[in-house]
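Chemist: Next one to model:
(one chain, ligands or ions: 1)
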Amino acid sequence: MKCIFPPLIEPMRFALFADIHGNLEAFRAVLGTLQNGRIDRHICVGDIVGYGANPGECIKLVKDLDCLAVAGNHDWAAVDLASIDYFNPYAKEAVLWTRSQLSQEDRDFLKGLELVREPHGFTIVHATLKAPEEWNYIFSASDAHENFQLLSNCLLFVGHSHVPIIFEENGGYRYHFGRKVNLKEGQKYIINIGSVGQPRDGDPRASFFIYDTESRQVELRRVEYNVDEAMRKIVEANLPPVLAWRLREGE
Ligand SMILES: [Fe+2]
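Modeler: Numbering: from 1, shown residues only. Below you'll find the model as predicted:
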């Protein structure tokens, strides 16, 4: 099914990030690089908390930026809206620790996050459009196909896998791994924006995207941050050390 980009009334530049996971060092580094260019709206595609040592501080930054945000599985798990039965032991321990760190205000904010939003003519969801509350992944062309069928806009931004990738529906399916992609009229795209706070594609740098409606271009950005400091805080908080070590490798 073809789609049409919304008419360009007012050009907008969006910064989109996901899977911050309480990593304040990574999040601050991302926001630091955005200071030099124009951003009209910040978008957060879920998992502000979980794993990292600064959940409350990351929630505050998201609120201060007036981010348009959706819920991730860790956000909802931290306020008991999602089950942690299927979490691995490290993730489970981190969620339980995160719960102990949140203020009532933080909890209210996370509870208020919706699963799907459609701002500015595109769609955002943390996991999938098909049963977003089941927290499945879009890995394969067949996963992408199911979600393209449900997508009425041209663009769907997702997170959850912590691996940046773009699926293009153009009669068949095409994968883009490059940094910049020019979006074509009539084509649909599912864009996984990668993870700010716990990348898993072998590159430890924080990952996020810029979407420019005027040039109709999406761009993957990677930013170095103080990984050692983020690791130190995780160990100091008595969170599972593996959550620190994996940051260094980006896996
Ligand atoms: Fe995540």
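
Chemist: What about the closest residue to residue 6 other than its chain neighbours, how many residues nearby?
Modeler: Distance criterion C-beta to C-beta, 6 or more residues apart in numbering; nearest residue to residue 6, sequence neighbours excluded, is residue 121 at 3.4 Å. Using the backbone N, CA and C atoms, a C-beta is placed for each residue, glycine as well. Residues near residue 121, counting by other C-beta atoms under 10 Å, number 16.

Chemist: ok, residue 121 - contacts?
Modeler: 5, 6, 153, 154, 155 (C-beta atoms under 8 Å, 6 or more residues apart in numbering).

Chemist: go again using 10 Å as the cut-off
Modeler: 3, 4, 5, 6, 7, 8, 12, 153, 154, 155, 213 (C-beta atoms under 10 Å, 6 or more residues apart in numbering).

Chemist: Next: residue 170.
Modeler: 184, 186, 187, 188, 189.

Chemist: How much space separates the closest residue to the first one other than its chain neighbours from residue 2?
Modeler: Spatial nearest neighbour of residue 184, chain neighbours left out: residue 170 (7.6 Å); criterion: C-beta to C-beta, 6+ apart. Taking C-beta to C-beta, to the nearest Å as the measure, residue 170 falls 10 Å from residue 2.

Chemist: repeat for residue 52
Modeler: From residue 52 to residue 2 the distance is 41 Å (C-beta to C-beta).

Chemist: Now do residue 168 against residue 238, distance only.
Modeler: Distance, residue 168 to residue 238, by C-beta to C-beta: 44 Å.

Chemist: Same drill for these two, tell me which one is more crowded.
Modeler: Legend: neighbour count by other C-beta under 10 Å for residue 168 and residue 238, higher for residue 168 (19 against 10).

Chemist: list the helices and strands the strand or helix carrying that one packs on?
Modeler: Assigned by DSSP states H and E, residue 168 belongs to strand 165-169. Helices and strands touching strand 165-169, as assessed by 3 or more C-beta pairs under 10 Å, 6 or more residues apart in numbering; DSSP states H and E, comprise helix 141-150, strand 155-158, strand 173-176, strand 188-192, strand 217-223.

Chemist: Do you know the pLDDT at the residue lying closest to residue 31 once chain neighbours are set aside?
Modeler: Leaving aside its chain neighbours, residue 31 sits nearest to residue 61 (7.1 Å; criterion: C-beta to C-beta, 6+ apart). Note for residue 61: predicted pLDDT of 98.
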